[in-house]
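J.: no FASTA, just this:
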Ligand SMILES: Cc1cc2nc3c(=O)[nH]c(=O)nc-3n(C[C@H](O)[C@H](O)[C@H](O)COP(=O)(O)OP(=O)(O)OC[C@H]3O[C@@H](n4cnc5c(N)ncnc54)[C@H](O)[C@@H]3O)c2cc1C
Ligand SMILES: NC(=O)c1ccc[n+]([C@@H]2O[C@H](COP(=O)([O-])OP(=O)(O)OC[C@H]3O[C@@H](n4cnc5c(N)ncnc54)[C@H](O)[C@@H]3O)[C@@H](O)[C@H]2O)c1
Ligand SMILES: Cc1cc2nc3c(=O)[nH]c(=O)nc-3n(C[C@H](O)[C@H](O)[C@H](O)COP(=O)(O)O)c2cc1C
Ligand SMILES: [Zn+2]
């Protein structure tokens, strides 16, 4: 049945299917209307794809087409019963109903939700393959009709890099289905088109839709599953025009079709849209359609033209009249008659204004009612690219005006309907656009004058008539997407929603899938008329991208979510490491048994991968000054071979990061930051360096150049001693010392620091050696019972030592004094970031304090995030919360860190209440480390 | 997408940069600044419609921080330049000649 | 004190191994994919379609300082370079990234000696510069093929037309949503790019390139094919 | 079907009453509210209803609801982080629950539940902290885990993904969505009915001040004498405050959103992912309403960007891999007045008679009713209600910020 090249729409039309969809609100039957992907009438579900425009989608083997918004089937649509209630469903009816009783609204809402909506999402739809491409062009021409072809040709001739984009499979725009045209015209366009093919600097993208122009000089287009992102100089919008529906009673019946649609079916797909057609028109285009239909063997029941006979100048006129086609001048359609499709039309003589003379009503049988009364220039792109439009009363069209210099609008998008004029207009724009970018000569002034002359002498194509009175305004559909009728529009305006923006939002006109392509113009005209204002005073709605709906898959493109993996990633996975997300890094949370890992570190030795720590190299005589300024503690006296813990704040006194900085040479320092702070702290310091604090120093980010691992536990020294010549004795290499040396053949930096409270060495090596070094340490540690340990064990170990983690126990309002790092705050320095604020806090004391606690024995373990409460005047007040909490395997007690009001937190042993699963759990404040409070173990 | 001209790398898509907020120099002598000046520096912003002097960081590019004068409504970028000590002199220096 | 010579693994070791690579040792002991299938077909892939190779063992130096240019000129006769341009220094190539910042890419294993030479040139002239060996922090891949410029614009927003991005130019930019130094370095007539970025994202970047390159028939190629193509092109060039 | 509607349907359109009337601008009002968004109109309504003050003008630059109130993704909830915040937003939600009756206008509040996803263990902790605070203040909110998440939202990708695994969610049953425009219109209608003048297409251009006190407002339609002004202009708030010489800790950032083509019911609850900067709900009309984080730089432009579409589409697919074929219909942007602590700034300013209701950032729609009520009280009595005291402007000079960063940033 389906032809080669058929679309679903044309195939359905060919097999006589008229009803393709059901409307949004009243579930009225709808059939093909525009046949060019603009109107909502042919939206269908294809397999797992909702809301497909059937008239544009090529037929493929085995596709499954289903109608939408109809249950159980298209023909027997139960919800269409709501049609009979339509007199009670004016625009916004839901705002005034279902208000009381309150408890009933959820039920009403459920019904409403299930009645609305169109296609369905198949939960099994695969993510699919999509991709993107960046393009660069001096000039993009959007629309490949004659005007666009001519513009691209001229710009190409000038030597510009040109991109010509059209959404159809071939260039030619409406010419492709305009039927027979004079040879001279066809030849002129053909010459230009083949000229394009010969130009290297012109690229043609067909089957590609422009989605929008974005500020600034950025254009998006889609083709199949690909998104194009174009950096451009100038845009030539040659997007053509939409044919405009006419508002008469039952104007939404299947069988009412726009002239362009009828021609498209005829010339592109060889489908006659009906057997007996009535053509309602207001310009010569309608006569062309009538002539084409007749040539295809369709009976033309009548041509109904609004204009007087003298004004009708179609070259086909005489022939049609001679062939006996009845013509009704100064007539228009009042009503389409039929149930599921047109069976007749009622016409009447036009009277003054928009009126008709009711006494002249005639019924004419037909199964196709062709409407060809005017055009709406497609000015979406014009608006998106910063241009404006004005209503041209002579042509009854919205035409581009006040265009920015990067934008040209040509062809029917600019209200130019004659082919020769379009070609000239395109050529001038193409040349002008190139010239603006310094490419090629300027357009010829004489030609420009000629264009103005031709444009002003074009006859009017569009009728100023908006709707046809008589019959029922509640059956005159303005917005087909949303089932908004003329009556709705007028009622909405009467209620005070009398500007286009409010009218749109209350009545929902233009808010559906066609985004006003079919209805905006009519709504504006109706609003202007009802409020007795000019069209400019009525205003418009905002044009917004995308110019045509685009799938989330196309926008998302290839699935790209950067992850950072350390050199030991594979090792961790192979050895039972459980991956966990830590910022952009994937780290090992544990290797099966975090408690055993803790025990290994406390009793023997463990090894943890801490490569994600930030690592910065600082060189030069200016470094101590910088450290003094960015850290809250002191740095001038740090000797070579020594390391120190440091805290950084901003000027609000908020803790940003902490870490260790070691002096590894006379003029060289090695700083570590937290994993999550690595990039941020580097950028932060660079900011200060590049705005005045950079004298005599260089800062280099070497985070990735070095891996880091911490060997911790009482037997760490023995394990490391097996692999290195460095003197590891407590005297030669004390706590907080730093040494460089070779470990297992690898040049390393050794720091005697750690978070765990045990004797420990943080070993940094060039990243390429990581696996070798790690495996060597594990091997050397075997006799000593070494275990790799993960982030979880590390958290327990540090908690037993009472250490807080920046970003875990602190947040965006924490200063170091409240975080119990008062000892690090050196207010006797001359200046540092945060000093002024911290001086204030030091003077007044903090409100809150981060302190340790122990849960009273036998108590329930609070989870991190649980609240601390106090009773005051019989009310329960939140006074703090738990940031860290674990059952300490070493102590056999539940310990943690929490925020408390300072006066409470500062009292060691003070009792307080944690709200655990609805019950009260008491706990006591603990100061200092829970384990080895004197810190003997890490110093031995 | 705006095209921002890095003083080092030339024009690049704005997505390569990180916005560093309104230019808001730190008082030269924090301890000596009045409470009003200090609160102004810490929190208050002019947030104006018009040309704003602001920080940008070419994070995925050359790593430089620089200043831009950008119109907050039209997006137009008047110029971009590296920080120099006289930029700290305050808003008055905006009228002074710069390269 | 262990006697075994430590193995050096590039950040793409695991990925390339997973693709069936055979390895060869180069430079200071780096294990690098030598071939996945056989050299001839890998060479053909690069010439006719699109190929990707791990070159993370290439030496990489970062030279920073107001005096860096003068130092490099004294040490290697470096010509005046605009930002992004490059020139040969010793066995490597020096790219100017900023007024005060250069990157030198050397043959595998040459970076330490080059760094030493530059540092001593600075010392004798009394210049204060910072030279940092970045080799271990980087992942580098070569992407080669007649349509490579078109391919690059799938993952990167720069203009890759020859006029905008000529051979020998380097730009640090966003590539596949990560920060990378993108270098155009043709092999004779064969267009090619090198993409240098942080080691930790190597697997992600590699896999992203492979997926995006599918439509071009992208093929991973080894050290052997890469050196043969390079050797061929120098022969033909001379 | 209500009787009222039935009558209207029979009466025909001529007799439909206007929702609000047009007036000529008087040369003086007891109070002038600048900004015809939900906040300004709610305040006007409460001034009239609670305090009998009806000599009030609301001046609106374009049409009512043209600002954030007509652009927001309509999420209402009260599961904030600080007790002050939770109490405040809860009071607002309670007012919303009866708003349809109060205004005799269906604002279509759909309380079908709100889920904030946690993708890392640190965000699990934040969610638990919120749930715990919420419950202590009496707000229904709890931490739920994948099994229950799957029941509420079966199409979320709950598989063991490398990046952004879904570990838990903060579930807030009374959270949901509302028909945002209806709130604006309903307030306007009832304020108008009580005598408030709503002046559309009337922009404030200056604030007249004498001896540190407000004496009037200049507008594009003339000068108004008044000693009481409320600046409720959200994204434009700094411009109006600047007219009064009041500098604020605020930066205006665009926030964007998009809708898809309408679909049959697919998503019952609101889904928010802070780490992915994405949130989505399905409106009663069937579109998926989707939003993300604020634009990456300050701006007063309401243009849309492609970057936003691309990023958000990617993140939505990370949550719902089955949506690639669903199409985006329209995108738009609004302006957000961001503060450093993600909390609003409400109340008096150093200029006597000049009040502000700003700093609403990306989350202020849900606060409209309570803001209207409390600010009306302040304007009428000169006393700052306790509920809004934590949000006073002077907190910045007093170093007493509120700190909702953990709950408001992308939470809406
Ligand atoms: C995309 C988006 C999504 C959002 N999502 C949510 C959400 O899900 N939940 C939530 O709670 N919040 C959300 N918000 C935030 C919320 O929209 C705002 O905080 C809230 O609407 C502010 O209301 P308002 O009445 O104070 O201001 P607005 O509604 O912005 O009203 C201010 C009014 O002042 C007018 N005005 C400006 N200048 C002048 C002048 N000179 N003279 C006269 N009038 C003037 C404007 O035209 C405007 O109408 C979102 C915001 C955006 C942009
Ligand atoms: N009944 C008819 O068929 C009919 C009626 C009037 C005029 N015409 C003829 O059509 C021609 C008009 O030429 P024109 O160039 O101004 O308009 P056009 O309509 O011929 O060409 C515009 C082209 O741009 C495409 N397009 C529109 N928006 C696009 C987007 N966002 N992205 C990609 N492509 C997009 C359209 O699909 C179309 O192919 C004239 O020859 C005129 O006589 C035909
Ligand atoms: C919650 C919500 C739902 C919306 N749904 C739709 C819709 O279904 N169709 C539509 O065209 N626009 C929809 N919009 C967008 C509006 O049309 C409009 O773009 C938005 O209010 C901003 O106004 P502007 O585009 O005039 O600047 C919606 C907006 C919001 C806030
Ligand atoms: Zn740069």
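T.: Looks like it arrived, so ask away. Every value quoted in this text rests on a predicted model; they were computed, and no experiment measured them. Numbering: from 1, shown residues only, chains lettered A, B, ... in the order given. Ligands and ions are numbered 1, 2, ... in the order given.

J.: what pLDDT is listed against residue 5?
T.: Looking at chain A here, since you left the chain open. What the model reports as pLDDT for residue A:5 is 78.

J.: oops, wrong one, chain C.
T.: Residue C:5 is given a pLDDT of 77.

J.: how much space between it and ligand 3?
T.: According to Cβ to the nearest ligand atom, to the nearest Å, residue C:5 and ligand 3 sit 65 Å apart. (C-beta placed from N, C-alpha, C; glycine too.)

J.: surely that residue meets residue A:745?
T.: Yes: counting by Cβ atoms under 8 Å, residue C:5 does reach residue A:745; the two are 6.7 Å apart.

J.: please identify which of the two sits among more neighbours.
T.: The residue with more neighbours, out of residue C:5 and residue A:745, is residue A:745; 19 against 11, by other Cβ atoms under 10 Å in any protein chain shown.

J.: apart from its chain neighbours, what residue comes closest to the more buried one?
T.: residue C:6 (4.6 Å; Cβ to Cβ, 6 or more residues apart in numbering or on different chains).

J.: one more: residue D:199?
T.: residue D:59 (5.0 Å).

J.: near that neighbour, how many other residues are there?
T.: If you count neighbours by other Cβ under 10 Å, residue D:59 ends up with 27.

J.: I'd say it and residue D:34 touch.
T.: Yes: using Cβ under 8 Å, residue D:59 is in contact with residue D:34, at 5.6 Å.

J.: common neighbours of those two, please.
T.: With contacts taken as Cβ atoms under 8 Å, 6 or more residues apart in numbering or on different chains, residue D:59 and residue D:34 have D:204, D:217 as neighbours in common.

J.: in the chain, where's the longest helix?
T.: No chain was given, so I picked chain A. Identified as the longest helix of chain A according to DSSP state H is helix A:419-436.

J.: switch to chain D, please.
T.: helix D:121-137.

J.: and it, what other elements does it pack with?
T.: Under the contact definition 3 or more Cβ pairs under 8 Å, 6 or more residues apart in numbering or on different chains; DSSP states H and E, helix D:121-137 sits against strand A:867-872, strand A:875-888, helix D:83-97, strand D:114-118, strand D:142-144, strand D:168-172, helix D:405-408.

J.: tell me the mean pLDDT over the second one?
T.: So that's strand A:875-888. Per-residue scores along strand A:875-888 average to 94.

J.: now residue C:151, what's its secondary structure?
T.: Following DSSP: H, G, I helix; E, B strand; the rest coil, residue C:151 is assigned to helix.

J.: how many neighbours does it have?
T.: The number of residues packed near residue C:151 is 24, by other Cβ under 10 Å.

J.: likewise residue A:151?
T.: What residue A:151 shows, counting by other Cβ under 10 Å, is a neighbour count of 36.

J.: burial count for residue A:695?
T.: Using other Cβ under 10 Å, residue A:695 is surrounded by 11 other residues.

J.: can you pull out the helices in chain B?
T.: Under the criterion DSSP H, chain B contains helices at B:35-42.

J.: sorry, back to before: hmm, who's touching the longest helix of chain D?
T.: Residues contacting helix D:121-137 (Cβ under 8 Å, 6+ apart): A:580, A:807-808, A:863-867, A:869, A:876, A:878, A:881, A:883, A:915, D:78-83, D:86-87, D:90, D:116, D:118, D:140-143, D:167-170, D:172, D:274-275, D:406-407.

J.: now the buried members of those.
T.: A:580, A:807-808, A:863-867, A:869, A:878, A:881, A:883, A:915, D:78-83, D:86-87, D:90, D:116, D:118, D:140-143, D:167-170, D:172, D:274-275, D:406-407 (16 or more other Cβ atoms under 10 Å in any protein chain shown).
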